[in-house]
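Participant: Sequence first, then the predicted structure, then my questions.
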Amino acid sequence: MNVKTLGLAGVAALMLAAPVRSAAPAGKAWVHVRVEEANRQSKVSVNLPVTVVEAALQAAPEDILSHGHIHLGKMGKRDLSVSDLRKAWNEMKATGDAEFVTVENADEDETVRVARAGNVMLVHVDKPSGKESVRVEIPIEVVDALFSGQGEELNLRAGFAELQKRRGDIVRVKDNDSTVRIWIDEGN
Amino acid sequence: MLKMILIGAVAVPTIAAGSVAATGVVVVDVREARNGQHIVVPVPLALAQVAAAFVPEEKMHMRLPREAQQYMPVAKQVLAALAEAEDGELVRVEEPNEKVSIRKEGDLLKIQVDDNGEHVKVQVPISLALSVLPESGSQLSPSQAVWALQHARLTEIVNVQGRDGEQVTLTVY
């Protein structure tokens, strides 16, 4: 896994994910991103007040965000649309705790698991060696808020508003020589 | 008559010094390590403003690229939110022989880069950055930027130390 890709994936996941450790007021919350690459002896640390991230979302140019909504349209060759995803999400949400996807890929030597556990959607990707893993925890409320847009739109602002209430790890990615961690807490 | 000349001789420099002190002075300080030269250039902000007034209008504005124009409102909103936020380290990058740090301390954004023996420190008052960024439109005004330096009184805006010991500082008094 390339660290830049991991970092980008992490930042993207930030918009989609959050833990369920506790709900807290968003006033002094900070978003933290850490990327460490052992082979390059490199450490990158980004800490941003959630108010700053929110301001960036509020003021994002119209062609990226239209009134807090991001328009994705049809995605991929199989025309998986946001409205299709919304329907699937509503079905999955109604199911309660369950393991939705388990993929054991012998060629790639990895397992992928998507499940709901209580108030959280879990996405786990593991290599049997234990050297590489991805952990994403997505609270139901955040995904609900994201899908509160109409048609082919995701409501990014609503998703981030939910995200601000969370504290703790959001994303952890580990591979052979790098780690990425994204979390929210009250400290700077 | 002599009395009038004396009053004039005292009053004119006093008023000039007072005006300069009131409007601010940018001091560029260069110390060369090899030959020990030390150059200090004080530039009164008011003088820089007057000089800017003589520059033709079309050369007074820097046109921003379309992409930059698009993100100008975002930059202003983000800076405004940052001004209200708590102090703290926003970015830290550590690599062998290279460190970058961006901190927010009060109204100041402090940027520090240490790169193989070269050290750069930049301190930018958020209020200065906010006043320089255009509200809308595509143009930045250098004269406005010069005037905005008044937000940075008593601040060492730039401090660069080269590998050879040369040091350049730019301070607003």
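Facilitator: Right, received. Where do you want to start?
Participant: what bridges to the closest residue to B:Arg31 other than its chain neighbours?
Facilitator: Leaving aside its chain neighbours, B:Arg31 sits nearest to B:Gln167 (4.6 Å; criterion: Cβ to Cβ, 6 or more residues apart in numbering or on different chains). For the C-beta atoms, the positions are set from N, CA and C on the backbone; glycine is no exception. Here B:Gln167 sits in beta bridges with B:Arg31, B:Gln161, going by DSSP bridges.
Participant: Repeat that for A:Val112.
Facilitator: For A:Val112, the residues forming beta bridges with it (DSSP bridges) are A:Val103, A:Val125.
Participant: Tell me where chain B has helices.
Facilitator: Per DSSP state H, chain B carries helices over the ranges B:2-23, B:45-53, B:57-60, B:66-84, B:126-132, B:142-148.
Participant: Please apply the same query to chain A.
Facilitator: In chain A, the segments counted as helices under DSSP H are A:3-16, A:50-59, A:82-95, A:140-146, A:156-163.
Participant: B:Arg92 - nearest residue in space that isn't next to it in sequence?
Facilitator: Counting by Cβ to Cβ, 6+ apart, the residue nearest B:Arg92 is A:Ser45, at 4.3 Å.
Participant: Could you dump the helices of chain B into a markdown table with mean pLDDT and distance to A:Trp89 added?
Facilitator: Putting the helices of chain B into a markdown table (pLDDT from 0 to 100; distance: least, Cβ to Cβ, whole Å) gives the following:
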| stretch | mean pLDDT | distance to A:Trp89 |
| --- | --- | --- |
| helix B:2-23 | 68 | 61 |
| helix B:45-53 | 78 | 58 |
| helix B:57-60 | 64 | 54 |
| helix B:66-84 | 84 | 30 |
| helix B:126-132 | 85 | 40 |
| helix B:142-148 | 73 | 49 |
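Participant: what would those look like in TSV with distance to A:His32 and mean neighbour count?
Facilitator: Shown next, in TSV, are the helices of chain B (distance: least, Cβ to Cβ, whole Å; neighbours: other Cβ atoms under 10 Å in any protein chain shown):
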stretch	distance to A:His32	mean neighbour count
helix B:2-23	42	10
helix B:45-53	39	16
helix B:57-60	42	9
helix B:66-84	16	16
helix B:126-132	21	18
helix B:142-148	32	18
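Participant: Of all those, which one is nearest A:Ala115?
Facilitator: When the helices of chain B are compared for distance to A:Ala115 using Cβ to Cβ, the nearest one is helix B:66-84, at 36.3 Å.
Participant: neighbours of the closest residue to A:Val82 other than its chain neighbours, just the number please.
Facilitator: Nearest non-adjacent residue to A:Val82, counting by Cβ to Cβ, 6+ apart: A:Glu152, 4.5 Å away. Counted with other Cβ atoms under 10 Å in any protein chain shown, the neighbours of A:Glu152 add up to 18.
Participant: I figured A:Glu152 hits A:Arg86, correct?
Facilitator: No. If you go by Cβ atoms under 8 Å, A:Glu152 and A:Arg86 don't touch, sitting 9.4 Å apart.
Participant: Spit out the residues that contact the two alike.
Facilitator: Shared contacts of A:Glu152 and A:Arg86 (Cβ atoms under 8 Å, 6 or more residues apart in numbering or on different chains): none.
Participant: To A:Asn39, which of the helices of chain B lies closest?
Facilitator: Short answer: helix B:66-84, nearest of those by Cβ to Cβ, at 33.3 Å.
Participant: now for that closest one, which elements pack on it?
Facilitator: Identification of packing neighbours for helix B:66-84 by 3 or more Cβ pairs under 8 Å, 6 or more residues apart in numbering or on different chains; DSSP states H and E yields helix A:50-59, helix B:126-132.
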